[in-house]
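> what follows is a predicted structure for the sequence shown.
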Amino acid sequence: MGELLSAISFSVAVESCTVGERKKTLRQSNEQSEIGNGIPLKTPPAMELREGDAEVAALEFVKYRSKVARRAEPFLPTPNEPQVSEIRTPWGGVLAVMAGDYIVSEVGNPKRRWPVNREIFEKTYENLEKGLFRKKVVIEMIPLVEITGDSDAVVRIHTREGAIEVRAGDFYLARGVEGELYSFPNGKVDGDLEEASSSEVIPLASLRDPAP
């Protein structure tokens, strides 16, 4: 009987978690799981990269713009459903998607999908037609191997959807319009992106909400 009551109490406690607590719990779970190219997070990374780090600000990024369309839909669970979920990305990472965020996928392969923060999505994507979108802003990229000097080095990137580890030789470090960091696979650069001139960059200030 005691075990049954304990189990019921635990279930009630879990269901009563706030969205913030769910997100924190999920991200803590991510940090204990195997993500990236099958690299366990318990493997000490050669480098950790965080938004706002001085080391990141000093990097010589190259500007790119997107050439491809993506499918996207908002994650809108009902009030009775969990308000946070997890998505295994095409590059092997597990990231959190919150209610209201968008799930973006490749047009020809809907199983290759990833979450994008709602505010970031609405500021950086343009609607081409129903369900199809394209990034309208320039992103900044640099090969991770140029940062580490070792293609086999493990790099932990702290994205807004959670921490992810990747092999330096397989990915670029990408920085978005609000300084958010994420990984971008080497094999997708030539097909999905093209270099952009500085004159094509949309000023960050124009993407921010006007001051009240």
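Nice, I can see it. Residues are numbered from 1 along each chain as shown.
> partner residues bridging residue 143?
Note on residue 143: beta-bridge partners by DSSP bridges are residue 172.
> what is the neighbour count of it?
Each residue near residue 143 was counted by other Cβ atoms under 10 Å, and the total is 18. For glycine as for every other residue, the C-beta is placed from the backbone atoms N, C-alpha and C.
> does it touch residue 170 like I think?
No: the pair residue 143 and residue 170 does not pass the contact test of Cβ atoms under 8 Å, sitting 9.9 Å apart.
> spell out which residues are contacts of both of these two.
Each of residue 186 lies in contact with both residue 143 and residue 170 under the rule Cβ atoms under 8 Å, 6 or more residues apart in numbering.
> what's the longest strand in the protein?
strand 109-116 (DSSP state E).
> got the buried residues for that one?
Of all the residues in strand 109-116, those buried under the rule 16 or more other Cβ atoms under 10 Å are 113, 114, 115, 116.
> now stretch 79-93
83, 84, 85, 86, 87, 89, 91, 93.
> ok, which pair from those residues is furthest apart?
83 and 91 (25.2 Å; Cβ to Cβ).
> using the three-state scheme, assign residue 48.
strand (DSSP: H, G, I helix; E, B strand; the rest coil).
> how is residue 92 assigned, secondary-structure-wise?
Residue 92 - assigned by three-state DSSP - is coil.
> what separation is there between it and residue 81?
Per Cβ to Cβ, to the nearest Å, residue 92 is found 26 Å from residue 81.
> hmm, back to that, can you list the neighbours in contact with the longest strand of the chain?
So strand 109-116 is contacted by 71-72, 75, 87, 89-90, 95-97, 101-106, 125, 161 (Cβ under 8 Å, 6+ apart).
> out of those residues, which are inside helices?
In helices, judged by DSSP state H, none of the contacts of strand 109-116 are found.
> just the buried ones from these?
71-72, 75, 87, 89, 95-97, 101-106, 125, 161.
> before we move on, which element is the residue nearest to residue 52 when sequence neighbours are not counted in?
Excluding its sequence neighbours, the residue lying closest to residue 52 (Cβ to Cβ, 6 or more residues apart in numbering) is residue 179, at 6.5 Å. Counting by DSSP states H and E, residue 179 is held by no secondary-structure element, helix or strand.
> ok, how many other residues are close to residue 179?
13.
> phi, psi for it please.
Dihedral pair for residue 179: phi 90, psi 0, per degrees, to the nearest 10.
> lovely, talk soon.
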